[in-house]
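# Sequence plus predicted model, see below.
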Amino acid sequence: MKAKSPLLRLLYWARDLRSRALFGALREHCRGDVLDVGGWDFFLTADAKQVPFERWTTLEHDQDRLLKIEDARVQVAYGDGCRMSFASESFDTVLNIQVLEHVFEPIRMVEECARVLKPGGKGVFLIPTTSTMHLAPHYHYNFSRFWIREAFARAGLEIVELRPLGGVWSTFASRALFFFLQAFRAPGMTDREIRRNALFYLLFPLQALVALLMIPSCLILSLGDLAEEPNNHLVIVRKPART
């Protein structure tokens, strides 16, 4: 398995810290035979956080991200999360943690998650709403709460909880941080075809100063945040049991 770069490790750590409500939701809803769609090495974090499971399957579309772990309860499968090879109604729990923005047909992934979920089973999704460019070129979308409601309804899944994580001010803080990653063309945070004009270089010292001041001030203001522009939505869904 290809190891995460130091930058990615830092960004994933920040995500887990900012989205720490995710792990409480996983401990409450995760059970039985679990499928983690596009999880890379997320199992290691979930296991350390004492997320309950009996068997865990990680599905990955990138050969470099296939997890290697010595645990009889864990298996890794290579495949497309939008066209899974698993039989219908195979899993008690399906996880999809910040993956939808990286596939071109996210509605198909939601439908596939619904298909492989057992009746009465639950899905836990962390869905970005205001993320900036990352893991480019495999970055396509952000999702509003209105898209989430419609997509899961079309897939036949009932929303148990739709919780915004973060808000307007924490989003500003995040964008100020990512300004530096994009300005210095950190891997996966930009596209080489994007050009800077001459004024960017002239104004960069002022831009950097404003961004540095924004990060702590916006984080303080985020203590009383507005939830109209959250960083992510934590979504818990249930597949209706047969009647």
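It's in. Numbering: from 1, shown residues only.

# This protein: helices as residue ranges?
With DSSP state H as the criterion, the chain has helices at 6-18, 21-29, 42-48, 106-116, 145-154, 168-183, 198-221.

# Those: which one's closest to Phe86?
Distance to Phe86, taken as Cβ to Cβ, is lowest for helix 106-116 among the helices of the chain, at 4.8 Å. From N, CA and C alone the C-beta is placed, and that goes for glycine too.

# Now do the buried residues in the closest one.
106-107, 109-116 (16 or more other Cβ atoms under 10 Å).

# Then stretch 203-214?
So, applying 16+ other Cβ under 10 Å, buried residues of stretch 203-214: 211, 214.

# Please apply the same query to stretch 16-29.
18-19, 22-23, 25-26, 29.

# Could you save these as TSV and add columns showing pLDDT and distance to Gly39?
Supplementary listing: the buried residues of stretch 16-29 in TSV, determined by pLDDT from 0 to 100; distance: Cβ to Cβ, whole Å:
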residue	pLDDT	distance to Gly39
Arg18	83	18
Ser19	85	14
Leu22	96	12
Phe23	96	14
Ala25	97	15
Leu26	97	12
His29	97	16
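
# For Leu35, state which of the buried residues of helix 106-116 is nearest.
Val116 (6.4 Å).

# Just give me the closest of the buried residues of helix 106-116 to Arg149.
Closest to Arg149, out of all of those and judged by Cβ to Cβ, is Val110, at 11.6 Å.

# Please report the distance of that closest one from Ala241.
19 Å (Cβ to Cβ, to the nearest Å).

# how many degrees apart are the longest strand seen in the chain and helix 106-116 in direction?
In the chain, assigned by DSSP state E, the strand with the most residues is strand 117-128. Interaxial angle, strand 117-128 versus helix 106-116 (axes from the mean of the first three to the mean of the last three Cα atoms, to 10 degrees): 150 degrees.

# So what touches strand 117-128?
19, 22, 25-26, 29-32, 89-98, 100-101, 113-114, 142-143, 148, 157, 160, 165, 231-242 (Cβ atoms under 8 Å, 6 or more residues apart in numbering).

# From those, list the buried ones, please.
19, 22, 25-26, 29-30, 90-98, 100-101, 113-114, 143, 148, 157, 165, 231-239.

# Narrow the residues you listed to those in strands?
Filtering these for strands - DSSP E - leaves 91-97, 165, 232-238.

# close enough to count as contact, Phe19 and Pro230?
If you look again at residue 19, you'll see it is Ser, not Phe. No - using Cβ atoms under 8 Å as the test, Ser19 is too far from Pro230 to be in contact (10.2 Å).

# Give the residues shared as contacts by those two.
Leu165.

# Tell me which residues touch the nearest residue to Ala186 once chain neighbours are set aside, please.
Nearest non-adjacent residue to Ala186, counting by Cβ to Cβ, 6 or more residues apart in numbering: Leu7, 6.1 Å away. Shown in contact with Leu7 (Cβ under 8 Å, 6+ apart): 181, 186-187.

# Now list the buried members of those residues.
Buried among these by 16+ other Cβ under 10 Å: 181, 186.

# What is the nearest of the contacts of Leu7 to His61?
Using Cβ to Cβ, the contacts of Leu7 come closest to His61 at Pro187, 19.1 Å.

# The closest one and Asp92: what is the separation?
Pro187 is 37 Å from Asp92, by Cβ to Cβ.

# List the contacts of the residue most central in space within the chain.
Per Cα atoms, centre = their mean, the C-alpha nearest to the average position across the chain is that of Gln98, at 1.3 Å. If you count contacts by Cβ under 8 Å, 6+ apart, Gln98 has them with 15, 126-128, 131, 232.
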